[in-house]
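1. everything below, folded, please.
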Amino acid sequence: MQRIRKLVVLVILICGMLSFSACNHIGLGAGHRKFGAVFMSMSNPLYETLNASIESIIKENGDQLITLDPAYDNQRQIQQVEYLIRERVDAIFLTPVDWQGIKPALAACAEAGIPVINIDAPVYDTDLVACIVAPDNYHAGKLCAQDLMKQMSSGTVVVLEKPSASISNERVTGFVDTLAEDGRYRIARYTVTGTPQSGMTVTDSLLEEQVIFEAVMTFNEPSATGVAAALKAAGKTGDILLYSVGGSPDTKRMISDGIFTATVLQSPKGTGKAAAEAAYMILNGGYWEDVIRIPVSLVTKDNIRQIGTDNWE
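-> Okay, the predicted model is just below:
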């Protein structure tokens, strides 16, 4: 991170000695910057909203955003970052598919002098990114656990997680830590990819094996929609508590309909806005925070009317 900051300062100093047109040529003038974005998967509506939020600010500045879709494939994501480096983008917005496996791409960006704005899911090698913009994922898991403890006094809770994703680790840790303080709950953890199909497959298997569980917590909403579909097919909608993190309009409608118990709003619009603003601060040599935390809040059937179901936060 220090290396990137020194590079930004050096470029700004060089621009001070060059003409305005020369500064534009190296990507520091208005309307001549090119950005890259590589999230986990554009099939997740959250990342569509996040990307749109970033793009709106970039277009307002007359700049360009290239968005690529790795479809939850770490190797593809590395290749896409390498492509963006060859395209000589000024900065890259990135949500890692694999928080440790993305390191070669981060190292390549550092070598090329391209700052990385790490969004939503922190990478393992934080010294290789310029800034982290993410919701308070640990607190999101904690909020779900606190509500679950109000709904049921004891029982088995199925947790669907993706250990290669830091958002999963943070959310699940916050959830499990909170339940562990009580001691009345049994946690059964299963690995998923984060897609609806993976959530459905695990839930179908548990139901077929007649495993008894009273609640499910998923690290993201796409996998939770798969759980909801499996429960519906088995005639168990509403019988098993269902929690997740995201806050999509579809999920909020399912809370209103009693299909989901609760989710945590993580504000992709606010996250995207903060990330875009941080990118411009970095490129302009201004002050920015190394870590920007976006507040989260719980939505349940009790407050869904006030929050609404039509839009992302």
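
2. burial count for Tyr72?
-> Around Tyr72 there are 20 other residues, counting by other C-beta atoms under 10 Å. From N, CA and C alone the C-beta is placed, and that goes for glycine too.

3. for it, give me its contacts.
-> The contact partners of Tyr72, by C-beta atoms under 8 Å, 6 or more residues apart in numbering, come to Met40, Ser41, Val97, Thr193, Gly194, Thr195.

4. now for the most centrally placed residue in the chain: which residues touch it?
-> In the chain, the C-alpha closest to the average C-alpha coordinate belongs to Asp120, at a distance of 3.4 Å (C-alpha atoms, centre = their mean). With contacts taken as C-beta under 8 Å, 6+ apart, Asp120 has the following neighbours: Phe39, Leu50, Thr95, Val133, Ala134, Pro135, Ile167, Gln266, Pro268, Thr271.

5. try 7 Å
-> The contact partners of Asp120, by C-beta atoms under 7 Å, 6 or more residues apart in numbering, come to Thr95, Ala134, Ile167, Thr271.

6. about what we covered before: which of the contacts of Tyr72 sit farthest apart?
-> Pairwise distances across the contacts of Tyr72 peak at 12.3 Å for Val97 and Thr195 (criterion: C-beta to C-beta).

7. tell me which of these two has more neighbours.
-> Regarding Val97 and Thr195, a neighbour count based on other C-beta under 10 Å identifies Val97 as having more, with 26 against 19.

8. follow-up on the earlier one: a markdown table for the contacts of Asp120, including distance to Arg33, neighbour count and pLDDT?
-> Rendered in a markdown table, the data for the contacts of Asp120 read as follows (distance: C-beta to C-beta, whole Å; neighbours: other C-beta atoms under 10 Å; pLDDT from 0 to 100):
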| residue | distance to Arg33 | neighbour count | pLDDT |
| --- | --- | --- | --- |
| Thr95 | 21 | 29 | 97 |
| Ala134 | 23 | 22 | 95 |
| Ile167 | 28 | 26 | 94 |
| Thr271 | 20 | 24 | 96 |
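
9. got CSV for those, with secondary structure and distance to Glu277 too?
-> Putting the contacts of Asp120 into CSV (DSSP: H, G, I helix; E, B strand; the rest coil; distance: C-beta to C-beta, whole Å) gives the following:
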residue, secondary structure, distance to Glu277
Thr95, coil, 17
Ala134, strand, 15
Ile167, helix, 21
Thr271, helix, 11
